[in-house]
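Undergrad: The following comprises the amino acid sequence and a computationally predicted model.
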Amino acid sequence: EVKLVESGGGLVQPGGSLTLSCASSGFNFGSYAMGWVCWAPGKGLEWLSSIFSGGGVRSHVDSVKGRFTISRDNSKNTLYLQMNSLKPEDTAVYYCTKGTGSWWNYDVDYWGEGTLVTVSS
């Protein structure tokens, strides 16, 4: 059974930082691209970041470039999202997603349950 379990969300002040983690199990983690997606009321679902299976190719949506960094540790079956310089508009539920191949093509087959990030003073 594929499981994706996010952690690391919480309340942070504007300008602060958080690191999200996604512990994965039930599949060969190192063989699949992974991504982070967020959802916020009024904004809907937004793809944020993706990383190929080997970790060598990463992409970020323009709104988080220079602030967020996706990474992975295939030895620990874990995906990360380092978030710096957080803004109130980053407030959302953040989901870890599993791609269907080693290259990211926006086709995902599993989602985690999400972790809430609230950026507020």
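TA: Good, I have the coordinates.
Undergrad: Find the centremost residue of the chain, please.
TA: Residue closest to the average C-alpha location in the chain (Cα atoms, centre = their mean): Trp36, at 2.8 Å.
Undergrad: Run through the residues that contact that residue.
TA: Counting by Cβ atoms under 8 Å, 6 or more residues apart in numbering, Trp36 makes contact with 20, 22, 47-50, 70, 79, 81, 94-97. Quick note: C-beta positions are derived from backbone N, CA and C, even for glycine.
Undergrad: What distance do you get for the residue lying closest to Leu4 once chain neighbours are set aside to Ser7?
TA: Excluding its sequence neighbours, the residue lying closest to Leu4 (Cβ to Cβ, 6 or more residues apart in numbering) is Gly112, at 3.6 Å. Per Cβ to Cβ, to the nearest Å, Gly112 is found 9 Å from Ser7.
Undergrad: pLDDT wise, what is the residue nearest to Leu4 at?
TA: What the model reports for Gly112 is a pLDDT of 97.
Undergrad: Does Tyr110 touch Val5 like I think?
TA: No - the pair Tyr110 / Val5 is not scored as a contact, 11.4 Å apart, by Cβ atoms under 8 Å.
Undergrad: what's the distance between the residue nearest to Leu4 and Ser21?
TA: For Gly112, the distance to Ser21 - Cβ to Cβ - is 10 Å.
Undergrad: Looking at these two, which one has more neighbours?
TA: Gly112 (21 against 18; other Cβ atoms under 10 Å).
Undergrad: which neighbours do Gly112 and Ser7 share?
TA: Common contacts of Gly112 and Ser7 (Cβ under 8 Å, 6+ apart): Cys22.
Undergrad: strands paired with the helix or strand containing the residue nearest to the centre of the chain, and their directions?
TA: In this structure, Trp36 is located in strand 34-40 according to DSSP states H and E. Next to strand 34-40 in the sheet, as set by DSSP bridges, lie strand 44-51 (antiparallel), strand 92-99 (antiparallel).
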